[in-house]
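*Asks:* Dropping the sequence and predicted coords here.
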Amino acid sequence: MYDKFGEMSSYKEINELAENLANEGDIESLREMAKENGIPEDFVDLYLEGEIPKLCDTLIAAVGKLEVEAADLKLMGLMKDWVEYIKGLCMENEMIAHQVRKAGKSLKGCMAVLLKYSFENRTSVPKEIVKEAKISASRVDFGVPGMAEAKKMIKDYYLGGVK
C-alpha cells in the first residue's frame, strides 16, 4: 500500500515531499506519491500549476489515507458506512483528521474495534423476524453498533486519549 514512499504521518510530511519532488522536477514521482496517499490527481495538477500553495491539508490527507486503505481492504456493506462516519468526523474535528493520518493508526485497526464490538454484543434475533425473513436457521445472532456508538468507538480509537 505504501510501497514506495512509506506511510506518512501528517499532511506536512506529504507537502514537504511534494515540494522537494516538484523542486527536483520529478513530476512522475510526485504524482505517484500523491496516488499512494490518496491525494486526487486534480490537486496535483492545481499544485503544479501554482493554483494551490500546498498539495493537501489535514482533511485531504486523512480522507486520502482512508480511501487508499478502504480500497486495499475491499470493504463492503456496513463497513463502507463506517468509513463514511470516519470521514464525517474528520470534517467535524481537525484533531481526528490529524490522528487518522498518523502512522500506526489504520482503518484496519479501527474496523477491528468495530467488528470486535459487533461480535461481542451480538444477540439473538427474535424468531418471528427470522421466520419472516424466510431464514431456515434455528437461531440468528446479530450485533452492530448504532451510529452514535460507532462514532464514539471511532473517536476513541483514533484519539486514544488525545483531546
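*Replies:* Okay, I see it.
*Asks:* Tally up the residues packed near residue 137, please.
*Replies:* Neighbour count of residue 137, defined by other C-beta atoms under 10 Å: 9. Where you see a C-beta, it was placed from the backbone N, CA and C, and this is true even at glycine.
*Asks:* out of everything not next to it in sequence, what's closest to it?
*Replies:* Nearest residue to residue 137 in three dimensions, chain neighbours excluded: residue 130, at 6.9 Å (C-beta to C-beta, 6 or more residues apart in numbering).
*Asks:* again with residue 34
*Replies:* Closest residue to residue 34 apart from its sequence neighbours, by C-beta to C-beta, 6+ apart: residue 44 at 4.8 Å.
*Asks:* gap between the one you found and residue 21?
*Replies:* Residue 44 sits 10 Å away from residue 21, going by C-beta to C-beta, to the nearest Å.
*Asks:* which residues are in contact with both of the two?
*Replies:* The contact sets of residue 44 and residue 21 overlap at residue 30 (C-beta atoms under 8 Å, 6 or more residues apart in numbering).
*Asks:* doesn't residue 110 make contact with residue 69?
*Replies:* No - Residue 69 lies out of contact with residue 110 (C-beta atoms under 8 Å); the separation is 9.3 Å.
*Asks:* can you list the weak-confidence ranges in this protein?
*Replies:* When residues are selected by pLDDT under 70, those of the chain lie in 1, 161-163.
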